[in-house]
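S.K.: Quick one, fold the following:
(2 chains)
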Amino acid sequence: MRINSFKKSVSIAASLVFAAVGLSAQAAHAAPITINLYEAIGYAPDEIKAFNASQSTYQVVDVGGSTGPLLAKVAAEGTNPAWGLFWADGDTWAASFDTNGNVAPLTFKPNYSSLGKRLAPKNNAFAITGSTVMVAALYNAAKMTTPPATLPAMLRTKYKGQIGMNDPNISGPTYPFIAGLMNQLGSEDAGKSYLVQLKKNGLVVNDKNGPTIHALEIGQINMGLVQNTAALAEIIKFTAKPVAGFTPKILYPGRPTMMPSSLAIDSKRPAAEIAGAEAFVKFVLSPAGQSILASTDATVNSDVLCYPSIVGTTPNKYVPALPTAYQIINPYTWGPLQSEVDAWFTANIRTK
Amino acid sequence: MALDGGLLVRHRVPFSNEDSRFKRGFNRIRITPMAVFWTLITFILVIPILLFLSVAFSPRLMSQGHQWFTLASFKPVFSGAYGIALLHSLIIGVIAAVGAMIIALSMAWLVLRTNSPARILWNTTIFALFLAPSYLIALGWQRLFEQRGVLEIMGLHVEPIRNLLYGPVGITMVLMVKGIPFAYLVIANAMRGLGEEFEQAVRVHGGNRLAAFKVMASLLMPSLFSAMAIVFAEAISDFGVASTLSSVGHFSVATYQLYQGINSIPVNFPVSAATSITLLSLVIMAILAQNRALRGRSFRTLSGRTRPVTITKLSFLGKFSTSTYIVVLLMITLGIPVFGAISASMLDGLGSLLSHYTINFSNYSRVLHSRFLRNPLIYSTEMSLITATLAVGLAAIASKVLTSARNTRSKKFVDFFLLAAVALPGIVFAIGYIFTYNLRFINDLGLHIYGTSFLLALAYTANALPSTSRSLVGNMGQIQESMMDAARVHGSGAARAWIDVTMPLIARPLLIAWLLTFSGTLLELPVSELLYPPGSPPVAVGIELSLAGFDYGGGTAIEVLSILWALVVVGIAFFLFNRFAPPGWKRLGNQR
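M.R.: So this is what the prediction gives:
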């Protein structure tokens, strides 16, 4: 076969493929205006269902996943984004979106609680729908009768090899914990120095909450530094079905970081979609949207175990009181440092 | 470039004198299966991979930075630590590939050429082995060997083994175990096409059993290398197993850097692309090794006169030892992931036998009504059926190109991109798809295929094509082309000749390739997660969402139910084949 005729064959075949694709794609896009919600929030599908049932102008469509792959998807979409709303734990990603001009600020002021006001961005660039604590120290009270209540106490030799944490490269919520550690110890270097000392004291690093909690269950460690919702889910589970020798409890060494869940609107969408996206944000923050937090079964959906950010919202019945001392870190300051800190963690904590 | 794989359907349309120049040109154009094949390969494999890799040099090209050309993204790649991680990946890949191939070869021989009593066990469970997710394999190993794990509770001192498990030995072993089913299916397919005449010839000329086995192994070289290539590429692209088992042993692999780039905020694709390029350099080394080993040799042993094989009758000791080997291997390859599944989904308590526990099906009864199970499983099944059919069609052509006697550019081209698709982690592959099919100018042309089932099916097909093609390479390499020529000389068209001559010889391998693709696609996660159409999550995404909500029991239960569903489909397919396929299609691999 001559190369020229091969090229022509390829071009014709390609044209046929694309023509067929175009027809099918046009048929698929004949639907009314929809807004894609990229979300990593367990109760988001319930919010979507309630919102879509509450009005007929907009149709929010669920694109659920883990935060990391969803952020990769948004980054890959680049200047031609397909997302209309993004909802996930943390606010460093939202701050990064804002810095790059990718979010449409809210045109209304949510009725934030005092905690919500402290967590919300000053420029109203995105909404705060709740918050969790990074980290909670989940420990087995049956074995660790005097758990370390402060950061320096965790370095004592009596706790050598008993403490575990997650890898920030794999567990998204772990970076806010590390950033918070650096924040409260005064500098990035002070935080790194602390982690190195913790490592010398036998820190066990697992991928994410699940493996760290399992290590606690089997007694490989006696204290796991995990997201408080994961810790609460564990306590709920073993309160319902107690197991002798395993009594999970929570404490907060030092000043834990409050990690908000953020809901952002894509600024690159058409005006009608942005209006619809904002209507969804309003709904989530409304009494109807907020009631889902209390009415959802937390034993199968632990994301509802967050602290509400809106005045008058009743939290889920399993949500305990806020830590007596906590801190809030600036995502615009700490977000850009994440790559460097994660790489440092890999080289100095994870693989050493 | 040799483009004729023997499948061309050429229609030379005559043109009249009064036709315009355009018309004449158009009339000369031939739409052949090979043209369609190359078009699809270009659009589903080559362009997405190249566009992703391009951001390593030119971040701005895909809106991933400001520079049109830079080498800055290679900076982390040239660090000493990364060099060591890359070397780790290479060593793990080679050992896993060679180990899986050797075990699979021995199993294929025992199952197809001997009367070992336990061979029936292997044959009935091979697809279950293939479906076992590496997550459950790693979990099962952990539950057995961890501190206060099952073996310690039984009073065994396993600390030395545990130290090995949480590090390179454990990672290599799990990846090897994961590769055995695929290697077995590839090698067994080829062994079925190898008649007894070659072994008999060795024995007639005074060779012993070992010499006969060596000759047989030599004739199986294309399939052995195919199996090793895929296991190698899968191993170097692994991240999950390595990250799970290296957390205590602090052992680094190359993909760690790649995922670091993807997981950072903001996402750093250029570094991930630079890392991917180094992984592809390992693929090139694998292809060079393969070409060197196979160069200038013919492996065409499959003809209409291929003789049924005679089963080697084993002594009692032989039967006992081979059965023990098969059972032990099954316990390792299947028993351990099953234990992992039981531990994660049926064990109430602490997920181990450490203290009080009960075994029950509460997670299973609960997830039967889960929104993550029914509709996602139906959707995944539909997509897997489409993907398997598309991929097998393309793989039949790709494997023909790969087994071409001449080492042509097209052969090297297909070989590289097929292996590249495996060596690049699924998430990278999916990002390449977004880069390609979400380009604004493509949308401006009226092509809105990003976020549709159509694109997902293409991506699944491209993702499955390497292993599907490789599973057919052994058989395709055995077919003597003179049979096709003879059919054409006797008046058959190309398509007719292919159906009458080639199809009967590769019907069973095609069925197995189809089932491999179906099974592999059903639970595929990375591509699914990034490319599924809004509102239609595949079942793998449902599992991921369950696990992300700390519902480990429910997520694993959905995974196990999906695997059982895949096994039902496999069973139905084999039943239909055995019941309705023409007798000639079932002849290959017969024993006497």
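S.K.: Low-confidence bits of the chain, can you list those?
M.R.: By default, I'm working from chain A. Across chain A, the ranges flagged by pLDDT under 70 are A:1-31, A:351-352.
S.K.: wait, I meant chain B there
M.R.: In chain B, residues with pLDDT under 70: B:1-31, B:148, B:195, B:246-250, B:293-309, B:347-357, B:405-407, B:587-592.
S.K.: near chain B, anything from stretch A:325-332?
M.R.: No. Applying Cβ under 8 Å from any Cβ of the partner chain, one finds stretch A:325-332 separated from chain B by no less than 9.5 Å. The way it works is simple: take the backbone N, C-alpha and C, and place the C-beta from them, glycine included.
S.K.: center of chain B - which residue?
M.R.: Nearest to the geometric centre of chain B sits B:S467, at 3.6 Å (Cα atoms, centre = their mean).
S.K.: In contact with that one: list those residues for me.
M.R.: B:182, B:230, B:422, B:516-517, B:520 (Cβ atoms under 8 Å, 6 or more residues apart in numbering or on different chains).
S.K.: tell me which element it is part of?
M.R.: Using DSSP states H and E, B:S467 sits within helix B:453-476.
S.K.: Buried residues, that helix. List them.
M.R.: Buried residues in helix B:453-476, defined by neighbour count with 16 or more other Cβ atoms under 10 Å in any protein chain shown: B:453-476.
S.K.: The contacts of B:S467 in helices, which ones?
M.R.: Counting by DSSP state H, these place B:182, B:230, B:422, B:516-517, B:520 in helices.
S.K.: and those residues as CSV, adding neighbour count?
M.R.: As requested, these are exported to CSV (neighbours: other Cβ atoms under 10 Å in any protein chain shown):
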residue, neighbour count
B:F182, 23
B:I230, 27
B:V422, 24
B:L516, 27
B:T517, 27
B:G520, 22
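S.K.: on that earlier part again, and the contacts of B:S467, which is closest to A:I178?
M.R.: Within the contacts of B:S467, the smallest distance to A:I178 is 34.3 Å, found for B:V422 (Cβ to Cβ).
S.K.: Surely that closest one and B:V231 touch.
M.R.: No. The criterion here is Cβ atoms under 8 Å, and B:V422 misses it with B:V231 at 9.5 Å.
S.K.: could you pull out the helices for the stretch 401-550 of chain B?
M.R.: Per DSSP state H, counting those that start in this stretch, the stretch 401-550 of chain B carries helices over the ranges B:409-423, B:426-437, B:440-444, B:453-476, B:482-489, B:494-497, B:503-522, B:526-531, B:539-548.
S.K.: could you dump the fifth one to PDB, C-alpha only?
M.R.: Extracted in PDB, the C-alpha atoms of helix B:482-489 (Å, rounded to 0.1, in the frame of the first residue of the first chain):
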ATOM      1  CA  SER B 482       0.100 -20.700   3.800                       C
ATOM      2  CA  MET B 483      -3.400 -21.800   4.900                       C
ATOM      3  CA  MET B 484      -4.900 -18.400   4.200                       C
ATOM      4  CA  ASP B 485      -3.000 -18.300   0.900                       C
ATOM      5  CA  ALA B 486      -4.500 -21.700   0.000                       C
ATOM      6  CA  ALA B 487      -8.000 -20.500   0.800                       C
ATOM      7  CA  ARG B 488      -7.500 -17.400  -1.300                       C
ATOM      8  CA  VAL B 489      -6.100 -19.400  -4.200                       C
END
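S.K.: Give me every residue in the stretch 401-550 of chain B lying close to chain A.
M.R.: By Cβ under 8 Å from any Cβ, the residues of the stretch 401-550 of chain B that approach chain A are B:427, B:431, B:434-435, B:438-440, B:443, B:445-452, B:454, B:526, B:529-530, B:532, B:534-535, B:537, B:541, B:544-545, B:547-550.
S.K.: Give me the buried subset of the residues you listed.
M.R.: Among those, those classed as buried by 16+ other Cβ under 10 Å are B:427, B:431, B:434-435, B:438-439, B:447-452, B:454, B:526, B:529-530, B:532, B:534-535, B:537, B:541, B:544-545, B:547-550.
S.K.: For B:G99, what is the enclosing helix or strand?
M.R.: In this assignment (DSSP H and E), B:G99 forms part of helix B:80-113.
S.K.: which helices and strands sit right next to that helix?
M.R.: The contact analysis (3 or more Cβ pairs under 8 Å, 6 or more residues apart in numbering or on different chains; DSSP states H and E) places helix B:80-113 against helix B:119-131, helix B:168-192, helix B:209-219, helix B:221-236, helix B:254-263, helix B:269-294, helix B:316-330.
S.K.: Among these, which comes closest to chain A?
M.R.: helix B:254-263 (4.9 Å; Cβ to the nearest Cβ).
S.K.: Could you list the contact residues of the stretch 251-352 of chain A toward chain B?
M.R.: A:300-303, A:335, A:338-339, A:342-343, A:346-347, A:350-352.
S.K.: about what we covered before: mind listing what's buried along the helix holding B:G99?
M.R.: Using 16+ other Cβ under 10 Å as the burial criterion, the residues of helix B:80-113 that qualify are B:82, B:85-86, B:88-90, B:92-97, B:99-101, B:103-113.
S.K.: Contacts (any at all) between chain B and stretch A:59-73?
M.R.: Yes. Stretch A:59-73 lies within reach of chain B by Cβ under 8 Å from any Cβ, at A:61-66, A:68-69, A:71-73.
S.K.: Format the CA atom coordinates belonging to that stretch as CSV.
M.R.: Extracted in CSV, the C-alpha atoms of stretch A:59-73 (Å, rounded to 0.1, in the frame of the first residue of the first chain):
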residue,chain,number,x,y,z
GLN,A,59,-30.4,20.1,36.9
VAL,A,60,-27.3,19.4,39.0
VAL,A,61,-25.6,16.2,37.9
ASP,A,62,-23.4,14.2,40.2
VAL,A,63,-19.7,13.4,39.4
GLY,A,64,-18.6,11.8,42.5
GLY,A,65,-15.0,10.6,43.3
SER,A,66,-12.0,11.0,45.5
THR,A,67,-10.6,14.5,45.9
GLY,A,68,-7.2,13.8,44.3
PRO,A,69,-8.5,12.3,41.0
LEU,A,70,-11.2,15.0,40.8
LEU,A,71,-8.6,17.8,41.2
ALA,A,72,-6.5,16.0,38.5
LYS,A,73,-9.6,16.0,36.2
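S.K.: surely A:D342 meets A:N169?
M.R.: Yes. At 5.0 Å, A:D342 counts as touching A:N169 under the criterion of Cβ under 8 Å.
S.K.: Give me the common contacts of those two.
M.R.: Here A:D342 and A:N169 have B:260, B:263 as joint contacts, going by Cβ under 8 Å, 6+ apart.
S.K.: Need phi/psi at A:Q327.
M.R.: A:Q327 adopts backbone torsions of phi -130, psi 160, taken as degrees, to the nearest 10.
S.K.: Do I have it right that it meets A:M259?
M.R.: No. Under the criterion of Cβ under 8 Å, A:Q327 is not in contact with A:M259, lying 10.7 Å apart.
S.K.: And the two? Which one has more around it.
M.R.: Each of A:Q327 and A:M259 has its neighbours counted (other Cβ atoms under 10 Å in any protein chain shown); A:M259 has more, 30 against 15.
S.K.: What residues does that one make contact with?
M.R.: Applying Cβ under 8 Å, 6+ apart, we find A:M259 in contact with A:89-91, A:131-134, A:173, A:176, A:227.
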